[in-house]
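# Sharing a sequence plus its predicted fold:
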Amino acid sequence: MALHLQQVLVDVPIANLKAGESARTFVHNLSSRLGIPSTDLQQQFHEILCQVFASALGFWICDYVAVVCADGSISSSDPEEHTILQPAGVLAWCQSTTQELQHKVVAVVKSGATTAAQPDHIIELGRASKTLLAIAEAVRSAMGSSSAAVDDLIHTLQLLQQTTQVLQWLEQQQQQRPGQQPLIARSVSSRSTSGGLGFLNPNTPISPLNPVITNVTTPIEPFGPRTAPSYVSLPAWQQNLTQLRKDTMMANPDRSNPRSNPQGRLFLDDLVDRLLAVSEGQRVVDYPYPDVLGCVEGLFLSGSSSRAWRAKLAVLLYYLLDGGWITSAAPFAQGFQLPLTLVQQWQCHYLMDHASSSSSDSAAAGSSSNLDEACKLLGAIASPATPFRFVEALLSAGRPATALAVQRARCATSGGGSAAAAGVSLSEAHVLLKVQLGCGLLPEAFSKLRRHCSQVNFDISLSFLQHVLASFHCNVCSFWLDQDPISAGVSLARAYMSLKDSSMTCWVVGWRPK
């Protein structure tokens with residue numbers, strides 16, 4: 001079929017239209033060679049495009065748009081001929097074909113049907129979305145100006161292409177783990193979330209996918225033998241998430257600095273906030289999802305496409321690690337062609353969230369292992385792009401040496417300067433002082449403190465210094481004085497607190513007010 005079609009397209013070339021052949025004659029010649037019954041001109045034209053598309057010859061459609069539709073000199077006084085000679089004629093076919101593709105992708109996600117019956121089904125869907133996207137972009141170029149209909153179509157196709165790419169990777173992972181719990185499967189009790197968690201509603205016209213993503217607050221009944229390799233049911237998973245927040249709050253020993261773990265905030269929340277910030281149309285992320293396809297549904301069938309791609313992948317990786325489907329970031333980075341260091345940093349979000357547990361001895365042992373792995377990864381991959389949150393969390397977890405290594409990597413630049421020195425806030429300077437004192441680096445700690453205080457006004461510097469030394473007088477005085485550190489620290493704190501402009505205060509901060 002494909003070879004015959006290629007020969008027909010060679011025998012009836014697009015160049016005939018530029019040579020003066022009428023559009024009706026051109027379509028009639030192609031239809032008669034391809035066995036398409038005579039109907040109205042536009043329907044015949046669409047059937048030709050369908051056969052060309054089904055034969056994986058989408059490049060011919062792109063050529064037609066570029067050669068014919070983009071050429072203003074090729075026109076006709078016949079309204080039917082004029083329609084198929086314009087970009088709008090191909091756009092109408094592309095919209096209807098995209099609608100059909102949308103139904104097929106949704107069917108895979110809703111049913112959880114694997115590719116056992118049709119091994120290349122998901123691959124074919126991915127190729128189809130890629131081809132339609134190229135055609136849609138060609139149409140936009142031929143139109144010469146932005147069109148809401150074309151922009152909506154391209155946005156939809158980008159989401160479908162990303163969804164099929166994720167489904168292909170999941171299918172590959174499933175083939176590498178025979179006999180284990182399937183990744184591409186839906187539970188019998190998964191809720192029908194059409195329009196709720198990001199489903200593309202097959203009954204809606206082509207438009208930007210803008211579903212309402214809701215947050216699950218009520219328990220959902222368990223399904224199958226296990227919800228995920230790591231959890232027996234979805235309520236158990238939700239309960240574990242609540243416990244993690246409690247453990248995170250308990251792991252913050254410095255109640256005077258609640259910023260380090262505000263209200264039990266998890267690293268997962270940072271990933272979600274990033275996603276919601278860059279993805280239009282997504283307001284709430286429903287975590288944990290009922291199954292892997294529910295996660296794909298909620299993340300990739302809604303919101304922005306290109307801007308939010310990596311943010312969505314970061315949440316997906318966290319979900320797969322949390323559920324126990326994967327244990328390493330390497331296959332994920334390779335499958336989506338991402339920098340390994342970036343994906344390992346996403347992995348550290350999961351590891352640090354699970355680095356503290358007070359529920360049981362076995363959980364505590366797993367948490368210690370997660371913390372060790374996080375320290376190993378962060379020590380190797382830390383860079384100026386690494387969030388300061390990791391420094392805070394490592395300090396709270398009792399790993400000041402790793403926190404110091406991460407902070408130094410954050411501040412490193414090619415010129416050897418400090419990339420973050422100018423943007424350190426009071427609370428961050430507070431954390432850094434604890435890190436340096438925890439590593440026994442008293443001179444470096446107060447050198448950085450003097451540098452920071454010299455950049456802010458006197459009242460703020462003095463208030464901040466009083467808070468810092470009041471919090472750490474035991475550590476500080478044990479370095480300075482060979483006597484009882486508590487009494488010496490109290491005396492020192494009282495001295496500079498009562499003498500705001502004394503020589504001692506100026507010596508500590510290395511600065512005198514103007």
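Looks like it came in fine.

# give me every residue that touches the closest residue to Ile61 other than its chain neighbours.
Nearest non-adjacent residue to Ile61, counting by CB to CB, 6 or more residues apart in numbering: Ile135, 5.2 Å away. Quick note: C-beta positions are derived from backbone N, CA and C, even for glycine. Counting by CB atoms under 8 Å, 6 or more residues apart in numbering, Ile135 makes contact with 58, 61-62, 65, 90, 94.

# mind redoing it with 6 Å?
61-62, 94 (CB atoms under 6 Å, 6 or more residues apart in numbering).

# OK, contacts around Met285?
Residue 285: Val, not Met. Val285 makes contact with Val272, according to CB under 6 Å, 6+ apart.

# helix/strand/coil for it?
Secondary structure state of Val285, per DSSP: H, G, I helix; E, B strand; the rest coil, is coil.

# mind checking the backbone torsions on it?
phi -100, psi 130 (degrees, to the nearest 10).

# where does it land on pLDDT?
pLDDT recorded at Val285 is 82.

# remind me which residues of the stretch 351-500 of the chain are low pLDDT?
Scanning the stretch 351-500 of the chain for pLDDT under 70 picks out 356-366, 413-423, 452-500.

# what are the phi and psi angles of Trp237?
According to degrees, to the nearest 10, Trp237 has phi -70, psi -40.

# so who does it touch?
Trp237 is in contact with 231, 288, counting by CB under 6 Å, 6+ apart.

# quick one: which of the contacts of Ile135 is most hemmed in?
Cys94 (26 neighbours; other CB atoms under 10 Å).

# quick one: contacts for that one?
When contacts are counted by CB under 6 Å, 6+ apart, Cys94 is found next to 135-136.

# Is it part of a helix or strand, or is it coil?
Looking at Cys94 with three-state DSSP, the answer is helix.

# how close does it get to Thr131?
Here Cys94 is placed at a distance of 10 Å from Thr131 (CB to CB, to the nearest Å).

# Over to Asp270?
From Asp270 to Thr131 the distance is 37 Å (CB to CB).

# which one of the two has more residues nearby?
Per other CB under 10 Å, whichever of Asp270 and Thr131 has more neighbours is Thr131, with 21 against 15.

# Could you double-check that that one sits in contact with Leu57?
No: Thr131 is beyond contact range of Leu57, at 9.2 Å (criterion: CB atoms under 6 Å).

# Return the distance of Asp372 relative to Ile326.
If you measure Asp372 against Ile326 using CB to CB, the figure is 19 Å.

# Looking at the two, which is more packed in?
Using other CB under 10 Å, the more surrounded residue of Asp372 and Ile326 is Ile326, with 18 against 14.

# Give me the neighbour count for Ala15.
Counted with other CB under 10 Å, the neighbours of Ala15 add up to 10.

# Next, give phi and psi for it.
Torsion angles, degrees, to the nearest 10, at Ala15: phi -60, psi -20.

# Return the distance of the lengthiest helix in the chain from the chain's centre.
For the chain, the longest helix by residue count, based on DSSP state H, is helix 148-175. On the basis of CA atoms, centre = their mean, to the nearest Å, helix 148-175 sits 14 Å off its chain's mean C-alpha point.

# Now do it, average pLDDT.
Helix 148-175 comes out at a mean pLDDT of 92.

# For that helix, name the packing helices and strands.
Other elements packing on helix 148-175 under the criterion 3 or more CB pairs under 6 Å, 6 or more residues apart in numbering; DSSP states H and E are helix 87-111, helix 121-143, helix 292-300.

# Now do the shortest one against helix 87-111, angle only.
Compare the direction of helix 292-300 with that of helix 87-111 by axes from the mean of the first three to the mean of the last three CA atoms, to 10 degrees and you get 150 degrees.

# For helix 292-300, give the mean pLDDT please.
Here helix 292-300 scores 90 as its mean pLDDT.

# CA atoms only for that helix - export them in CSV, please.
Only the C-alpha atoms of helix 292-300 are listed here, as CSV (Å, rounded to 0.1, in the frame of the first residue of the first chain):
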residue,chain,number,x,y,z
VAL,A,292,1.1,5.2,37.5
LEU,A,293,-1.2,5.9,34.7
GLY,A,294,-3.2,8.2,37.0
CYS,A,295,0.0,10.1,37.5
VAL,A,296,0.6,10.3,33.8
GLU,A,297,-3.0,11.4,33.3
GLY,A,298,-2.8,14.2,36.0
LEU,A,299,0.6,15.5,34.9
PHE,A,300,1.0,15.2,31.2
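
# Could you list the buried residues of stretch 391-403?
391-397, 399-400, 402-403 (16 or more other CB atoms under 10 Å).

# centre of the chain versus it, how much separation?
Using CA atoms, centre = their mean, the offset of stretch 391-403 from its chain centre is 26 Å.

# could you dump it to CSV, C-alpha only?
Listed next in CSV are the C-alpha coordinates belonging to stretch 391-403 (Å, rounded to 0.1, in the frame of the first residue of the first chain):
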residue,chain,number,x,y,z
VAL,A,391,21.9,22.8,53.0
GLU,A,392,19.2,23.5,55.6
ALA,A,393,18.0,19.9,55.5
LEU,A,394,21.4,18.3,55.7
LEU,A,395,22.2,20.5,58.8
SER,A,396,18.9,19.5,60.4
ALA,A,397,19.8,15.8,59.7
GLY,A,398,23.1,16.2,61.5
ARG,A,399,25.3,16.2,58.4
PRO,A,400,27.1,19.6,58.6
ALA,A,401,30.1,18.5,56.6
THR,A,402,28.0,17.5,53.6
ALA,A,403,26.0,20.7,54.0
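
# circling back: return the member of the contacts of Ile135 nearest to Ala236.
Cys94 (45.6 Å; CB to CB).

# Name the SS class of His73, please.
Careful, residue 73 is Ser and not His. Secondary structure for Ser73, judged by three-state DSSP, is coil.

# so how far is Leu313 from it?
Counting by CB to CB, the gap from Ser73 to Leu313 is 46 Å.

# ditto for Val424
Applying CB to CB, the value for Val424 to Leu313 is 30 Å.

# more neighbours, the two?
Shown here are Val424 and Leu313; by other CB under 10 Å, Leu313 has more neighbours (26 against 19).

# what are the phi and psi values for that one?
phi -60, psi -30.

# Next, work out how far apart the closest residue to it other than its chain neighbours and Val27 are.
Nearest residue to Leu313, sequence neighbours excluded (CB to CB, 6+ apart): Phe336, at 6.1 Å. For Phe336, the distance to Val27 equals 42 Å [CB to CB].

# More neighbours: which of these two?
Shown here are Phe336 and Val27; by other CB under 10 Å, Val27 has more neighbours (21 against 17).

# mind listing the helices for the stretch 301-450 of the chain?
For the stretch 301-450 of the chain, applying DSSP state H, counting those that start in this stretch gives helices covering 309-323, 330-335, 340-353, 361-381, 389-396, 400-411, 426-438, 442-453.
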